[in-house]
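Undergrad: just a sequence and a predicted model for now, questions to come.
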Amino acid sequence: MAYYFYLSLGVLCIVGEMFTMDFSLACFGVGLFGAALVSFLGLGLGWQVAVFTLVSLALFVGMRPLALKHFYQNSKHIKTNVEALIGRTALVTTAPDGEGIGRVQLDGDSWRARFDKTAQTNDQVLVKKLEGNTLFVVPIQQEENK
């Protein structure tokens, strides 16, 4: 009757996997299903533990990296946090002083900015990098109408 216990734990692991999407609980769940099968066949506790360990370890080492690579292959291209600011355009709200420090507005937020060239208020600038709370920006050259 121990296989009922293993099956219940295995189902709980699979359900828990739906919330984590880490593929670790699924490995343990399938290992528990293997232990349940061994228990159903009447083999002893040593065999049950061995099958659970081997199946879980094999899936964790062999299948989990492949599953993570397959399901999260597009997530490398999504820029978040600081990376999302690089390459964006901002609006100069305070022209740079003698040391090249001014303020820009980006997505409604006011940022401290370090300018490599002079810029005027309401000019468009391009964000090159971010260090701490300072954006490093360069002016965007506006093409004149021909």
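TA: Done, it's in.

Undergrad: which SSE is immediately downstream of the biggest helix by length in the chain?
TA: Counting by DSSP state H, the longest helix found in the chain is helix 2-20. Per DSSP states H and E, helix 2-20 leads on to helix 24-40 as the next helix or strand towards the C-terminus.

Undergrad: centre of the chain to the helix or strand harbouring residue 70, how far?
TA: Residue 70 belongs to helix 64-71 when assigned by DSSP H and E. With Cα atoms, centre = their mean, to the nearest Å as the basis, helix 64-71 stands 14 Å off its chain's centre.

Undergrad: what are the buried residues along that helix?
TA: Buried residues in helix 64-71, defined by neighbour count with 16 or more other Cβ atoms under 10 Å: residue 67. Backbone N, C-alpha and C define where each C-beta goes, glycine included.

Undergrad: that helix versus helix 24-40: what angle between them?
TA: Angle of helix 64-71 versus helix 24-40, following axes from the mean of the first three to the mean of the last three Cα atoms, to 10 degrees, is 130 degrees.

Undergrad: hmm, who's touching helix 64-71?
TA: The contact list for helix 64-71, computed with Cβ atoms under 8 Å, 6 or more residues apart in numbering, reads 21, 23, 24, 27.
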